[in-house]
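Asker: pasting the structure only:
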């Protein structure tokens, strides 16, 4: 198969109606979970030293991963779902009734399973996506923070043994699933390859999805850019901000290039974001020293806390390149004021004088934001002098 054929088939499948969920079924919390998982996946791919990758959002399923942005030769299709409590049940995942336990006296009288709801189930949709490809090698994954209550052939349960493939299910379950998925195809269609359909659990909590992602990013930056490891939080938050708008528009794309432009995020962009860290000093060390001194000199604790939060926002803003014109005006004002006013032995009077000057022209901004921007410009000035 040629390189262009892989991209062409992906585009064809991406434009097929009925595969991608385009509604607002997940809610904001579910979309947030998907976004943070996508950042996690990019960090994982980079840790694995993948030469290239491309994530396409709301394409085929929630996310499609290609091994190259230019020459795709394989793909992974992901359905990414958060669950607030409990585990995923067989009936919810497959749209069928679980097979009876062998010990059940009623097993011989069990009703013939019906497959009317399989096509609308999570695993049914994944199988349909997989079956839509004829040439490009594809795997499909169901990703969640919760386990799946399904027995495995080797013993144990998928809830505690993920990742696993559907072929790992206990015999009765894998046979029933194979029949259920076969019902979605035309007569004579090949039997589903359950080894290409997989479950994976990820340690992302729906109420605090960034924590685990920051942990992995810290490991990556400690290895690749140790001087900027302290910016792991700002780094992943900037990535989450960048991918947030991708996939909001799911119009039919006329070319593979249009598909990438509308819904894609490639390794090159990931590396550009990482490279941007090299141009930004690790402000955290300087900031922590200054905030400790400000609090020692009597600045209110709540104001110091708010200043710290706003400073983190300024760093994220720098990484995403999202500084607005009115905010840039504050930065320009700070630079001029800092050049004209020497700092004395105490920080608090210096910060208060800077804030008083800023409030004359930027009274619509909160004190904590003005102080944070003042602090970050002051730190930049100190670093540049060094």
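Answerer: Now that the structure is in, tell me what you want to look at. Everything quoted here is computed from the prediction, not taken from an experiment.

Asker: so what pLDDT did residue 112 get?
Answerer: pLDDT for residue 112: 75.

Asker: confirm that it sits in a strand.
Answerer: No. Under the criterion used here (DSSP: H, G, I helix; E, B strand; the rest coil), residue 112 is coil, not part of a strand.

Asker: how close does it get to residue 96?
Answerer: 11 Å (Cβ to Cβ, to the nearest Å). Bear in mind the C-beta positions are built from the backbone N, C-alpha and C, glycine included.

Asker: so those two - more neighbours on which side?
Answerer: residue 96 (23 against 4; other Cβ atoms under 10 Å).

Asker: which of the three states applies to the more buried one?
Answerer: coil.

Asker: that one and residue 114 touch, don't they?
Answerer: Yes. Residue 96 lies in contact with residue 114 (Cβ atoms under 8 Å); the separation is 7.3 Å.

Asker: what bits of the stretch 251-386 of the chain have low per-residue confidence?
Answerer: 280-283, 319-322, 383-386 (pLDDT under 70).

Asker: 80 instead?
Answerer: Counting by pLDDT under 80, the stretch 251-386 of the chain has low-confidence residues at 278-285, 315-323, 382-386.

Asker: what segments of it are helices?
Answerer: 256-263, 267-278, 283-296, 301-320, 325-340, 347-361, 367-385 (DSSP state H, counting those that start in this stretch).

Asker: and residue 36, how many neighbours?
Answerer: So residue 36, with other Cβ under 10 Å, has 28 neighbours.

Asker: that one: helix or strand, and which one exactly?
Answerer: helix 27-47 (DSSP states H and E).

Asker: who does the helix or strand following that helix pair up with?
Answerer: Once helix 27-47 ends, the next helix or strand along the chain (criterion: DSSP H and E) is strand 54-59. Strand pairing for strand 54-59, using DSSP bridges, gives strand 61-66 (antiparallel), strand 264-266 (antiparallel).

Asker: and among the ones you listed, the most buried is which?
Answerer: Using mean count of other Cβ atoms under 10 Å, the stretch among these with the largest mean neighbour count is strand 61-66, at a mean of 25.

Asker: state the mean pLDDT of that strand.
Answerer: Computed over strand 61-66, the average pLDDT equals 96.

Asker: who touches it?
Answerer: By Cβ atoms under 8 Å, 6 or more residues apart in numbering, the residues outside strand 61-66 that reach it are 10, 14, 19-21, 34, 37-38, 41, 45, 53-57, 72, 74-80, 125-126, 129, 140.

Asker: make a PyMOL selection of the buried ones in the residues you listed.
Answerer: A single PyMOL command selects the buried members of those (16 or more other Cβ atoms under 10 Å):
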select buried, resi 10+14+19+20+34+37+38+41+45+53+54+55+56+57+72+75+76+77+78+79+80+125+126+129+140
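
Asker: which residues in the stretch 101-250 of the chain form strands?
Answerer: Along the stretch 101-250 of the chain, the stretches classed as strands by DSSP state E, counting those that start in this stretch are 138-144, 164-165, 197-201.

Asker: and the ones you listed: which comes nearest residue 303?
Answerer: Shortest separation from residue 303 across the strands of the stretch 101-250 of the chain is recorded for strand 138-144, at 40.8 Å, computed as Cβ to Cβ.

Asker: could you give the angle of the closest one to strand 61-66?
Answerer: 130 degrees (axes from the mean of the first three to the mean of the last three Cα atoms, to 10 degrees).

Asker: what helices and strands are in contact with strand 138-144?
Answerer: Strand 138-144 sits against strand 75-81, helix 122-131, strand 197-201, with contacts defined as 3 or more Cβ pairs under 8 Å, 6 or more residues apart in numbering; DSSP states H and E.

Asker: how close does residue 354 sit to residue 328?
Answerer: 17 Å.

Asker: neighbour-wise, which of these two wins?
Answerer: residue 354 (23 against 10).

Asker: do a quick rundown of the helices in the stretch 101-250 of the chain.
Answerer: For the stretch 101-250 of the chain, applying DSSP H, counting those that start in this stretch gives helices covering 122-131, 158-161, 171-182, 210-224, 232-243.

Asker: low pLDDT regions in the stretch 51-200 of the chain?
Answerer: Across the stretch 51-200 of the chain, the ranges flagged by pLDDT under 80 are 101-112, 159-162, 186-188.

Asker: do that again at 90, thanks
Answerer: Low-confidence segments of the stretch 51-200 of the chain (pLDDT under 90): 70-71, 98-114, 149, 155-163, 185-191.

Asker: tell me, how many residues neighbour residue 249?
Answerer: Residue 249 sits with 11 neighbouring residues when counted by other Cβ under 10 Å.

Asker: phi, psi of it?
Answerer: Note on residue 249: backbone dihedrals following degrees, to the nearest 10 are phi -110, psi 120.

Asker: separation between it and residue 59?
Answerer: 12 Å.
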